[in-house]
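1. generate a structure from the sequence data that follows.
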Amino acid sequence: MGDALIVLGRNGSGKSTLLKVIAGLASPTEGKVNLPPGDSRQTLGLSALDIHLYANLTVKEHFQLAAELRGIEPDWPVLEQVGLQERFNQLVGELSSGTRARLKLAIATAAKPQILLLDEPGVSLDEAGRATVKQICDIQRTRGCLIVATNDPLERSLGTLELDLAS
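-> As a prediction, the model looks like this:
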């Protein structure tokens, strides 16, 4: 398996901002980010706490919309992988925070990205959800690059390399 970078630091240390800069959602104040050539909609996946979902769409509609925006076909088995197979027709606005987190993971991984960015992936997940995150991370490490931002000591085991923003 390949390496995975765990970005550590207290709240407000810049972990989420670093992931947003890598994802192209924020501009760096110094330096630059070089990503592999290709369509970033397909080479990059991001799951973060502050990604908003459309409450009036069903899980299926939301997943399909996200796939269309990325220029890919919906990869329906991904929804099953994250435990949403029985929620296809439920409105996103009716989902628990943990179930919404699972949908964000599914959207982030649907294109089988070269680079997967996970911002505090275990927040609001139960034990089964955390096991799903670990499985997703293991798969991603065989596929490409994985960067996880966290301040949860349990999530340190998801990676092999650490960057502590407090240092």
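2. can you pull out the helices in the protein?
-> In order along the chain, the chain carries the following helices (DSSP state H): 15-23, 40-43, 59-70, 76-81, 97-109, 127-143.
3. okay, those, which one's buried deepest?
-> When neighbours are counted by mean count of other C-beta atoms under 10 Å, the highest per-stretch mean among those falls to helix 97-109, a mean of 22. C-beta: built from backbone N, CA, C; applies to glycine.
4. next one: that helix to chain centre, how far?
-> Here the centre of helix 97-109 is set off from its chain's centre by 8 Å, with C-alpha atoms, centre = their mean, to the nearest Å.
5. tell me what that helix is packed against?
-> Where contact means 3 or more C-beta pairs under 8 Å, 6 or more residues apart in numbering; DSSP states H and E, helix 97-109 is packed against strand 44-47, helix 59-70, helix 76-81, strand 115-119, helix 127-143.
6. same list (the ones you listed) but as CSV, adding distance to Asp3 and mean pLDDT.
-> Written out in CSV, the entries for those read as follows (distance: least, C-beta to C-beta, whole Å; pLDDT from 0 to 100):
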stretch, distance to Asp3, mean pLDDT
strand 44-47, 17, 94
helix 59-70, 25, 94
helix 76-81, 23, 94
strand 115-119, 13, 95
helix 127-143, 7, 94
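7. centre-most residue in the chain?
-> For the chain, the residue sitting closest to the mean C-alpha position, by C-alpha atoms, centre = their mean, is Ser47 at 2.6 Å.
8. residue ranges in this protein under the pLDDT threshold?
-> Confidence mapping of the chain against pLDDT under 70 gives the ranges 1, 39-42, 167.
9. quick one on the thing from earlier: quick check: the residue nearest to the centre of the chain touching Lys104?
-> Yes. Under the contact definition of C-beta atoms under 8 Å, Ser47 touches Lys104, with a separation of 4.4 Å.
10. contacts only, for Leu165.
-> Leu165 makes contacts with 7-9, 13-15, 18, as judged by C-beta atoms under 8 Å, 6 or more residues apart in numbering.
11. can you do 7 Å?
-> By C-beta atoms under 7 Å, 6 or more residues apart in numbering, the contact list for Leu165 reads 7-9, 13-15.
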